[in-house]
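Peer 1: Below are the sequence and a predicted model; questions follow.
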Amino acid sequence: MNKPKIEFPQKGMDGDDIISRLKELKANDASWRNGRMFGYVYHPGAREAKTIEQAYQLFFADNALNPSLFASLKTLENETVAMVASLLHATEDCAGNMTTGGSESILVAVKTARDWAKRHRPYIRDPEIIAPVTIHPAFSKSADMVGIHIRYASLNPDKRVNPTEVEKLINGNTIMITVSAPCYPYGVIDPVEEIATIALKYELLMHVDCCMGGLMLPFVEKLGYPVPPFDFRVRGVTSISADVHKYGYSSKGSSVTIYRTHELRKFQYFVFSDWPGGLYASPTMLGTRSGAPIAAAWTALKAIGMDGYLKMAAEVMTTTNKIQESIKAIPGFRVIGEPAMSVFAFTSDKHDIYLIGDELARNGWNLDKLQFPPALHMTISNLNCGHEDEFIAALKEAVAVIEGHKIKSASSHVVVYLARAFSRLLPDSWFRKLSSRFTSLMNKGDGKSSGTGAAAYGIMASINNRENVDEIMLDVLDKLYTV
Ligand SMILES: Cc1ncc(COP(=O)(O)O)c(C=O)c1O
């Protein structure tokens with residue numbers, strides 16, 4: 001048997017040495033301070049960040065598992081939920097909890113729906129949720145975990161879910177409809193009011209995923225931008241998730257799920273009274289819960305405040321509009337749909353957009369790639385404000401470079417075409433090659449995209465048999481999380 005590459009440290013290391021090693025590792029990460037990263041880091045500015053970090057450190061060791069021992073955390077959690085709830089026009093009857101992020105907020109909402117149905121629709125054996133195809137994958141993950149099914153509804157040409165399609169999917173097993181405000185891929189808000197009318201008609205639960213928009217849309221609306229009703233003002237909306245670690249500009253690990261009533265929230269809870277270890281009760285997914293992100297979230301809301309959030313939202317929207325206008329001005333380029341805030345995708349009918357993405361990445365601009373249709377994605381936040389001119393120049397430069405490399409672009413198209421043609425017949429060895437190629441790209445470890453992902457991503461997007469793609473992705477994950 002081979003010895004493992006990494007063994008348990010026999011002796012404690014010197015603190016300074018550890019910190020230098022950490023800094024050495026971190027030096028290879030992509031930089032977010034230069035405004036060239038979109039969506040992974042939300043930073044409110046040095047002054048507020050310092051206070052949020054202090055709060056985080058103050059509660060570093062504290063455990064929200066026991067609210068009577070750590071009563072401060074109970075207060076901080078309840079007040080954080082209440083502050084977000086008031087932003088989303090919740091009434092006094094609403095109730096919620098903090099979770100560690102969007103995915104956990106969605107997981108608890110889906111679990112709540114299942115347990116609500118067990119009580120109120122006991123005859124349903126195979127519960128189902130209806131969601132737009134653009135809904136975040138956390139719903140599919142959660143449905144998988146709690147043993148229910150999702151039926152996906154198609155979109156209108158404006159990329160918002162089609163209410164007629166949603167209604168057609170309702171059957172005797174449906175327990176909840178869910179929509180996004182806005183959805184991650186295109187930043188458009190689904191027709192919340194129309195879907196809520198359907199939910200009320202069939203007496204179903206309705207969840208609005210405001211993980212992205214919960215702490216941005218309210219400010220965008222106050223600034224006078226057109227925002228259709230998306231929150232608890234809409235009768236029929238029964239729960240909302242909103243991330244404080246996104247546009248709330250708090251540390252990672254903070255989100256909320258809010259329900260229209262305490263009665264509904266009770267289905268979120270887990271209690272077990274037969275354990276020899278005592279009476280066990282936990283409100284969300286976790287057992288032990290770090291106090292740090294709870295304190296940080298409360299602090300972010302208090303330190304930034306309505307005036308601070310409005311100021312940041314105004315700047316973010318100005319930057320967003322400027323970037324979108326410049327994209328639309330490039331021949332053959334377009335922004336997809338009509339994004340409601342600062343999350344959007346753009347594509348080109350003239351160029352291979354993945355190659356443009358690679359060219360941008362080569363210059364340090366990291367944009368996510370979307371598929372069906374191929375597009376590049378942007379989440380503009382405070383960190384990107386002031387860098388819009390640099391980005392626009394980089395985009396124009398990338399277009400010029402790609403226009404000068406027609407042959408390279410064509411060869412990438414040929415590879416994708418061949419992949420599509422052979423997608424049902426690809427032998428195992430092909431998959432192994434593809435996944436090891438992906439892994440080596442992702443594992444390069446210099447924090448900079450290699451800028452050679454276009455053909456690889458193009459192949460993935462064009463393989464018709466998605467089970468093959470899933471298999472490649474599992475293999476990639478397995479290799480990534482191996483020393
Ligand atoms: C609309 C939407 N919902 C949910 C999530 C999941 O959030 P998290 O990554 O915090 O789990 C995201 C993440 O980007 C999102 O955009």
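Peer 2: Nice, thanks for sending it over.
Peer 1: in this protein, which helix has the most residues?
Peer 2: Taking DSSP state H as the criterion, the chain has its longest helix at helix 292-329.
Peer 1: Please report the distance of residue 402 from residue 330.
Peer 2: Using C-beta to C-beta, to the nearest Å, we find residue 402 at a distance of 11 Å from residue 330. C-beta here means a position set from N, CA and C on the backbone, and glycine is covered the same way.
Peer 1: which one of the two has more residues nearby?
Peer 2: Taking other C-beta atoms under 10 Å, residue 402 and residue 330 do not tie; residue 402 has more neighbours (21 against 17).
Peer 1: Doesn't residue 187 lie inside a strand?
Peer 2: No - applying DSSP: H, G, I helix; E, B strand; the rest coil, one finds residue 187 to be coil, outside a strand.
Peer 1: helix or strand for the residue nearest to residue 390 when sequence neighbours are not counted, which one?
Peer 2: Spatially, and ignoring its direct neighbours in sequence, residue 390 is nearest to residue 35 (7.5 Å; C-beta to C-beta, 6 or more residues apart in numbering). Assigned by DSSP states H and E, residue 35 belongs to no helix or strand.
Peer 1: Isn't residue 35 up against residue 387?
Peer 2: Yes - between residue 35 and residue 387 there is a contact under C-beta atoms under 8 Å: 3.4 Å.
Peer 1: Tell me which of those two has more neighbours.
Peer 2: Taking neighbours as other C-beta under 10 Å, residue 35 and residue 387 compare with residue 35 leading, 20 against 17.
Peer 1: Tell me who's in contact with that one.
Peer 2: Contact analysis of residue 35 by C-beta atoms under 8 Å, 6 or more residues apart in numbering lists 383-387, 390.
Peer 1: Among the residues you listed, which lie within helices?
Peer 2: Per DSSP H, the subset of the contacts of residue 35 in helices is residue 390.
Peer 1: Throw together a PyMOL command that grabs the buried residues out of the contacts of residue 35.
Peer 2: To isolate the buried ones among the contacts of residue 35 in PyMOL, judged by 16 or more other C-beta atoms under 10 Å, type:
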select buried, resi 383+384+385+387+390
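Peer 1: Among the contacts of residue 35, which are located in strands?
Peer 2: Among the contacts of residue 35, no residue falls in strands (DSSP state E).
Peer 1: Quick check: residue 129 touching residue 177?
Peer 2: Yes - contact criterion C-beta under 8 Å: residue 129 and residue 177 qualify, at 7.2 Å.
Peer 1: ok, those two, which is more surrounded?
Peer 2: Neighbours were counted for residue 129 and for residue 177 using other C-beta under 10 Å; residue 177 has more, 31 against 28.
Peer 1: Whichever helix or strand that one is part of near the ligand anywhere?
Peer 2: Residue 177 is part of strand 174-180, with elements assigned from DSSP H and E. Yes - against the ligand, strand 174-180 shows contacts by C-beta under 6 Å from any ligand atom at residue 180.
Peer 1: and residue 129, what does it touch?
Peer 2: Per C-beta under 8 Å, 6+ apart, neighbours of residue 129: 110, 113, 139, 143, 148-151, 174-178.
Peer 1: which SS class is it?
Peer 2: strand.
Peer 1: so what's it scoring on pLDDT?
Peer 2: Note for residue 129: predicted pLDDT of 98.
Peer 1: For it, give its distance to residue 144.
Peer 2: Residue 129 is 12 Å from residue 144, by C-beta to C-beta.
Peer 1: Spatially nearest residue to whichever residue of the stretch 201-350 of the chain sits closest to the ligand (excluding sequence neighbours)?
Peer 2: Proximity of the stretch 201-350 of the chain to the ligand (C-beta to the nearest ligand atom) peaks at residue 211, 3.4 Å away. Of all residues not flanking residue 211 in the chain, residue 102 sits nearest, at 3.6 Å (C-beta to C-beta, 6+ apart).
Peer 1: Torsion angles phi and psi at the one you found?
Peer 2: The phi and psi values for residue 102, taken as degrees, to the nearest 10, are phi -60, psi -40.
Peer 1: what about it, how many neighbours?
Peer 2: Counted with other C-beta under 10 Å, residue 102 comes out at 23.
Peer 1: do residue 66 as well
Peer 2: Quick note: residue 66 (other C-beta under 10 Å) scores 13 neighbours.
Peer 1: immediately after the longest helix of the chain, which helix or strand?
Peer 2: Next element after helix 292-329 (DSSP H and E): strand 333-335.
Peer 1: In terms of secondary structure, what does that next one contact?
Peer 2: If you count contacts as 3 or more C-beta pairs under 8 Å, 6 or more residues apart in numbering; DSSP states H and E, strand 333-335 packs onto helix 292-329, strand 343-348.
Peer 1: quick check: angle from the first one to strand 343-348?
Peer 2: If you take axes from the mean of the first three to the mean of the last three C-alpha atoms, to 10 degrees, helix 292-329 sits at 30 degrees to strand 343-348.
Peer 1: hmm, helix 292-329 touching the ligand?
Peer 2: No - against the ligand, helix 292-329 shows no contacts by C-beta under 6 Å from any ligand atom, the least distance being 11.4 Å.
Peer 1: Give the other helices and strands that that helix contacts.
Peer 2: helix 46-58, helix 71-87, strand 95-99, helix 217-222, strand 333-335, strand 343-348, helix 388-403.
Peer 1: do you know which of the ones you listed lies nearest residue 27?
Peer 2: For those, the distance to residue 27 is smallest for helix 46-58, at 20.3 Å, taking C-beta to C-beta.
Peer 1: Report the buried residues of that closest one.
Peer 2: 48-49, 51-52, 55-56.
Peer 1: Between helix 292-329 and it, find me the angle.
Peer 2: 150 degrees.
Peer 1: for helix 46-58, what is the average pLDDT?
Peer 2: Taken as a whole, helix 46-58 carries a mean pLDDT of 98.
Peer 1: Give me the distance from that helix to the chain's centre.
Peer 2: Relative to its chain's centre, helix 46-58 lies at 24 Å (C-alpha atoms, centre = their mean, to the nearest Å).
Peer 1: The ligand contacts on the stretch 51-200 of the chain?
Peer 2: Proximity of the stretch 51-200 of the chain to the ligand (C-beta under 6 Å from any ligand atom) is limited to residues 101-103, 136, 138, 180, 183-184.
Peer 1: can you tell me which two in these are farthest apart?
Peer 2: Within those, 101 and 183 form the most distant pair, 17.3 Å apart (C-beta to C-beta).
Peer 1: Between the two, which is the more surrounded one?
Peer 2: Using other C-beta under 10 Å, the more surrounded residue of residue 101 and residue 183 is residue 183, with 27 against 20.
Peer 1: Excluding covalently adjacent residues, which one is nearest to the more buried one?
Peer 2: Leaving aside its chain neighbours, residue 183 sits nearest to residue 134 (4.0 Å; criterion: C-beta to C-beta, 6+ apart).
Peer 1: neighbours of that neighbour, just the number please.
Peer 2: Neighbours of residue 134 using other C-beta under 10 Å come to 22.
Peer 1: right, and it touches residue 161 too?
Peer 2: Yes - the criterion here is C-beta under 8 Å, and residue 134 meets it with residue 161 at 7.4 Å.
Peer 1: what residues do the two have in common as contacts?
Peer 2: With C-beta under 8 Å, 6+ apart, residue 134 and residue 161 have common neighbours residue 155.
Peer 1: residues touching whichever residue of the stretch 101-250 of the chain sits closest to the ligand, list them.
Peer 2: Closest residue of the stretch 101-250 of the chain to the ligand, C-beta to the nearest ligand atom: residue 102 (2.2 Å). Neighbouring residues of residue 102 by C-beta under 8 Å, 6+ apart: 136, 138, 209, 211, 241, 243, 246, 255.
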